[in-house]
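Asks: Have a look at this prediction, sequence included:
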Amino acid sequence: MLELINNKYKQYSHYLLYGSSIVFGRGLEYLWFFIISYYATKQQYGEFELYKKIIEFFAIFASLGFPALILTYTRTKQEKQDFFITGVFLSLCITIFAALILILFNANYLFLIVPILFFAIFHYSNSIYQAYNLVEKGSKYASYYKSLVSILFTVSILLFFFTIEEKEFSIIYCTYPLFIIGIIYLIKDFSIKAVITSFKKTKAILKSQFYNGSVLFLTTLVNTSFLVTDVFIINYYSGSSEGKLADYNFPLMIANMLLIVSMTLTNVDIEKYKQKHSYFKSSLRKNTLFTFLGAILLFIFYFLLTKFIYTEYENTLVVFIVILAAKVIQSLTIPYGVYLATKAVYTYVLIVLIVALLFNICFSFFLYPKYGLIGIAAVSLLGLLIRYLLYLKKYNHGRNIWRID
């Protein structure tokens, strides 16, 4: 019996380690989420989430798709290091250029430059540095980095939240000291010679893979656009003063907990997807089981949470149910999207994402004025369902070709 338990632990230890770092990082994120949503007014919390979505969206531009490029194209240690150095250097260049343009036109958005850079390069999720850690130093080191940055980010954001008057800006100001720390830490990897050498090597790879690289970057951009469209449309119609942004973001944040399952499995198994088809099937079964189990637990949690603690959000239960259903579909879709990416089906994935995005934008603009938050959540659900069905169709069509075991 003990031997069986020990064997199972060895089999799933890498999931537990990386998954624990995701749970830890997300747990800290939910710590400040619960604190901020409890102590801030609905208007402040709505603006806070709006700034967060803006930063996350433009961080995709700043990173130039290098996190996805590092995960997809790098094989040797030297390639990984070259892509990492080049990605950071170009990210700094493009953001500094954008800052100069803003100064030239006297725009009042310069305060967003540092937060965008921090999210693009150093953030514990989908940043250049985290992608490099994952493929070069392994999931163990990546989990340590994710945990450390999560702690620093949480401490910083809460310090600013409780010390400044305009609490919605805490998501912005907290990144300034962390960005400085990150730059100091990276100096050891950078020199003029290292940057020039890495850029030359990476340039050759990117030139030969320009089409696929561009599609990969646009895929990341369109995918992020889909996830932030709801918030931007709600802000367009209602702003933050009516509390609509808060009433939508609060259930959305809780429902997003479900994605921890897919994030853990795909991040740990992504290299295995490239080797054996059977690894993907095994990961898919685990993802499906834990997704539905997690959805049931989240529903119970949300019902009790809004019934006894966050009573001002009690009227959002129906919205939460619709969003949760959408997140179930999204969680089931993620492994297929990652698997298709490992098979270089980039153009198809991009077309599917564009179709889902356009569907989401068009119908959200039409339905939100009539049906409010439930309408916009239902459109997201349908958009994600379309994406899932199209991914599944492509997977079923190509699995006999891709199976190598």
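Replies: In hand now; what should we look at?

Asks: residues contacting residue 341?
Replies: 68, 72, 216, 219, 349 (Cβ atoms under 8 Å, 6 or more residues apart in numbering). From N, CA and C alone the C-beta is placed, and that goes for glycine too.

Asks: Find the nearest non-adjacent residue to residue 131, please.
Replies: residue 67 (3.8 Å; Cβ to Cβ, 6 or more residues apart in numbering).

Asks: Please disregard the earlier target; I meant residue 261.
Replies: Using Cβ to Cβ, 6+ apart, the closest residue to residue 261 is residue 290 (4.6 Å).

Asks: pretty sure the one you found contacts residue 259?
Replies: No: using Cβ atoms under 8 Å, residue 290 makes no contact with residue 259, being 11.2 Å away.

Asks: re earlier: report the contact partners of the residue nearest to residue 131.
Replies: Contact analysis of residue 67 by Cβ under 8 Å, 6+ apart lists 87, 126, 127, 128, 130, 131, 220.

Asks: Following the chain onward from the host helix or strand of residue 219, which element is next?
Replies: Secondary structure assignment for residue 219, by DSSP states H and E: helix 210-238. Next helix or strand after helix 210-238 toward the C-terminus (DSSP H and E): helix 244-255.

Asks: how's the protein carved up into domains?
Replies: Using automatic domain parsing, the domain ranges for the chain come out as 12-207, 209-405.

Asks: Could you give the average pLDDT over the longest one?
Replies: This points to domain 209-405. Mean per-residue pLDDT for domain 209-405: 86.

Asks: just stretch 83-103 next, same as before
Replies: 84.

Asks: For it, list the C-alpha coordinates in PDB.
Replies: The C-alpha trace of stretch 83-103 is given here as PDB (Å, rounded to 0.1, in the frame of the first residue of the first chain):
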ATOM      1  CA  PHE A  83      15.200  34.400 -27.500                       C
ATOM      2  CA  PHE A  84      15.000  35.500 -23.900                       C
ATOM      3  CA  ILE A  85      17.600  38.300 -24.200                       C
ATOM      4  CA  THR A  86      16.200  39.500 -27.500                       C
ATOM      5  CA  GLY A  87      12.700  39.400 -26.200                       C
ATOM      6  CA  VAL A  88      13.500  41.500 -23.200                       C
ATOM      7  CA  PHE A  89      15.600  44.000 -25.200                       C
ATOM      8  CA  LEU A  90      12.900  44.500 -27.900                       C
ATOM      9  CA  SER A  91      10.200  44.800 -25.300                       C
ATOM     10  CA  LEU A  92      12.100  47.600 -23.600                       C
ATOM     11  CA  CYS A  93      12.800  49.300 -27.000                       C
ATOM     12  CA  ILE A  94       9.200  49.200 -28.200                       C
ATOM     13  CA  THR A  95       7.800  50.500 -24.900                       C
ATOM     14  CA  ILE A  96      10.300  53.300 -24.700                       C
ATOM     15  CA  PHE A  97       9.400  54.200 -28.200                       C
ATOM     16  CA  ALA A  98       5.700  54.200 -27.300                       C
ATOM     17  CA  ALA A  99       6.500  56.400 -24.300                       C
ATOM     18  CA  LEU A 100       8.200  58.900 -26.600                       C
ATOM     19  CA  ILE A 101       5.200  59.000 -28.800                       C
ATOM     20  CA  LEU A 102       2.900  59.700 -25.800                       C
ATOM     21  CA  ILE A 103       5.200  62.500 -24.700                       C
END
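
Asks: can you point me to the longest helix in the protein?
Replies: helix 346-402 (DSSP state H).

Asks: Who are the packing partners of that one?
Replies: helix 210-238, helix 244-255, helix 317-342 (3 or more Cβ pairs under 8 Å, 6 or more residues apart in numbering; DSSP states H and E).

Asks: Residue 179: which of the ones you listed is closest?
Replies: helix 210-238 (20.6 Å; Cβ to Cβ).

Asks: between that closest one and helix 346-402, what angle do the directions make?
Replies: If you take axes from the mean of the first three to the mean of the last three Cα atoms, to 10 degrees, helix 210-238 sits at 120 degrees to helix 346-402.

Asks: other SSEs contacting helix 210-238?
Replies: Using 3+ Cβ pairs under 8 Å, 6+ apart: helix 210-238 touches helix 42-63, helix 66-73, helix 244-255, helix 346-402.

Asks: Tell me who's in contact with the residue nearest to residue 85 when sequence neighbours are not counted.
Replies: Ranked by Cβ to Cβ, 6+ apart and with sequence neighbours excluded, the top spatial neighbour of residue 85 is residue 198, at 4.0 Å. Contacts for residue 198 (Cβ under 8 Å, 6+ apart) come out as 81, 82, 83, 84, 85, 86, 89.

Asks: quick one: which of those residues is nearest residue 383?
Replies: residue 83 (31.8 Å).

Asks: Next, that closest one: secondary structure please.
Replies: Following DSSP: H, G, I helix; E, B strand; the rest coil, the label given to residue 83 is helix.

Asks: can I assume it is in contact with residue 68?
Replies: No: Residue 83 lies out of contact with residue 68 (Cβ under 8 Å); the separation is 10.7 Å.

Asks: higher neighbour count, the two?
Replies: Using other Cβ atoms under 10 Å, the more surrounded residue of residue 83 and residue 68 is residue 83, with 27 against 21.

Asks: Check what pLDDT residue 7 gets.
Replies: For residue 7, pLDDT reads 50.

Asks: which residue packs closest to residue 99, ignoring adjacent ones?
Replies: Using Cβ to Cβ, 6+ apart, the nearest residue to residue 99 is residue 113, at 4.9 Å.

Asks: so the one you found is in which element?
Replies: helix 113-121.

Asks: Could you point out the helix or strand that follows that helix?
Replies: By DSSP H and E, the next helix or strand past helix 113-121 is helix 128-132.

Asks: list the helices and strands that next one packs on?
Replies: Against helix 128-132 (3+ Cβ pairs under 8 Å, 6+ apart) you get helix 66-73, helix 77-104, helix 113-121, helix 138-163.
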